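Asks: Below: sequence and its predicted model.
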Amino acid sequence: MQRSAPTPNRCAKLTDQVDVPTETPIRIAAVLFMVNGLGFGLFTVPVARYLLEHRELPRMFGFPLFGGGFYETFGIERFVVLLVAFLLVSILEVVAGGLLWNGERSGGILALALLPVSAVFWLGFALPLPPLSALLRTALIVLNWSALRP
């Protein structure tokens, strides 16, 4: 039995059903923002609480959480205030991720505005992974700026 080629109308219907997102790089950046914001933000409150109760930073795999940076020299109370401030920045990163996921240019603007603020916290808390993530997500946003809606 010989198969016939699909009719043009049938092909048109198939391609209409396939929605290949052109904003995939922006969505990847959005996910990176949300993972970073949630991943670090969710730990700030338990770390602050532990620090206030035990007067030392909790450890994971032998390393102090949020420790090792120059913020440790500021004293416990100031360190807790910095953790709360970092929580607020982390919440804003999640917001930026949500806006980016929806293709909003305001998400890109917020993301880029948060970069220097976040960098201060990464250095102060000696966080090695966020700068790598920031490099990738910033490149994805800048290179795909035209995919964002005004």
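Replies: Here it is on my side, so go on. In this text the structure is predicted, and so the values were computed from the model without any measurement. Residues are numbered from 1 along each chain as shown.

Asks: how about the helices in this protein?
Replies: Taking DSSP state H as the criterion, the chain contains helices spanning 8-17, 24-54, 76-101, 105-125, 129-143.

Asks: what pLDDT, on average, does the second one get?
Replies: Taken as a whole, helix 24-54 has an average pLDDT of 96.

Asks: What is that helix packed up against?
Replies: Packing partners of helix 24-54 (3 or more C-beta pairs under 8 Å, 6 or more residues apart in numbering; DSSP states H and E): helix 76-101, helix 105-125, helix 129-143. For glycine as for every other residue, the C-beta is placed from the backbone atoms N, C-alpha and C.

Asks: Which secondary structure elements does the longest one sit against?
Replies: Translated: helix 76-101. With contacts defined as 3+ C-beta pairs under 8 Å, 6+ apart, helix 76-101 has these neighbours: helix 24-54, helix 105-125.

Asks: got it, and the second one?
Replies: Contact partners of helix 105-125 among helices and strands, from 3+ C-beta pairs under 8 Å, 6+ apart: helix 24-54, helix 76-101, helix 129-143.

Asks: Isn't Leu115 up against Ala134?
Replies: Yes: taking C-beta atoms under 8 Å as the definition, Leu115 is a contact partner of Ala134 at 6.2 Å.

Asks: Now for the most centrally placed residue in the chain: which residues touch it?
Replies: The residue lying closest to the centre of the chain (C-alpha atoms, centre = their mean) is Phe33, at 1.4 Å. With contact set as C-beta atoms under 8 Å, 6 or more residues apart in numbering, Phe33 has these partners: 93-94, 96-97, 100, 111, 137.

Asks: That concludes my questions; thank you for your assistance.
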